[in-house]
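In: this one's sequence-less:
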């Protein structure tokens, strides 16, 4: 990562710190983003599950993966009391609306499972990236189109969003996104992202490190 000359000591992991397990829809961008925080501090064990190319990244597929790695034989993620598991996904509906039922089932599973949470972005992960630098919604021709959001983020930041350094603005993104967060029937509205709730959990433990990084840049 770009922040390779950081003037701080990496903390050793302790069981007294909660663990955060993240299962994300994107096999690359989302993984790179959340991996930034895993690299800078081990007091909170952020385990990001990297999807393989042959794995189902639909809401239903993510639910299957979450159950497999937490309750399966291998138990890749040992979720203990006080830990959190987050399933990160986009709204971006397919033309047959098959994801609608899957999203409802995923929400119900997380609601009924202690420590399980969802972080849905409507319509795509770029909504979350956008709020790292902006406080109000962009003026898009169609706020429901993922490609419009991706284009906006790429034009807004010279060189595009860089997951090796820009996640350092997570606190500002959390404040900006939470300020406009609305829900209809338990689902965030267009232009909203629930990742601000996950960000708040991350910041509970590593805010001091984030603040230190910002001060030396």
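Out: Looks like it arrived, so ask away. Just so we're clear, the structure is a prediction, and the values are computed from it rather than from any experiment.

In: Okay, helices next: where are they in this protein?
Out: 29-40, 59-71, 98-111, 126-130, 146-156, 170-179, 195-216 (DSSP state H).

In: okay if I get those helices as CSV plus distance to residue 85?
Out: Glycine gets a C-beta too; all of them are placed from N, C-alpha and C. Formatted as CSV, the helices of the chain follow (distance: least, CB to CB, whole Å):
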stretch, distance to residue 85
helix 29-40, 13
helix 59-71, 6
helix 98-111, 8
helix 126-130, 18
helix 146-156, 25
helix 170-179, 19
helix 195-216, 11
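
In: Is there a neighbour count for residue 81? I'd like the number.
Out: Using other CB atoms under 10 Å, residue 81 has 7 neighbouring residues.

In: list the contacts for it?
Out: Contacts for residue 81 (CB atoms under 8 Å, 6 or more residues apart in numbering) come out as residue 115.

In: how much space between it and residue 64?
Out: Residue 81 is 24 Å from residue 64, where distance means CB to CB, to the nearest Å.

In: ok, now residue 25?
Out: In terms of CB to CB, residue 25 sits 13 Å off from residue 64.

In: And residue 178, by the same measure?
Out: Taking CB to CB, one finds residue 178 at 30 Å from residue 64.

In: List the contacts of residue 179.
Out: Per CB under 8 Å, 6+ apart, neighbours of residue 179: residue 135.

In: Might you list the low-confidence residue ranges for this structure?
Out: For the chain, applying pLDDT under 70 flags the ranges 1-16, 43-44, 72-77, 93-98, 184-187, 217.

In: mind checking which of the helices of the chain is nearest residue 140?
Out: helix 146-156 (4.6 Å; CB to CB).

In: just to revisit the earlier point, between residue 25 and residue 64, who's got more neighbours?
Out: residue 25 (21 against 13).

In: hey, what's the closest residue to the more buried one other than its chain neighbours bridged with?
Out: Closest residue to residue 25 apart from its sequence neighbours, by CB to CB, 6 or more residues apart in numbering: residue 89 at 4.2 Å. On the basis of DSSP bridges, residue 89 is bridged to residue 120.
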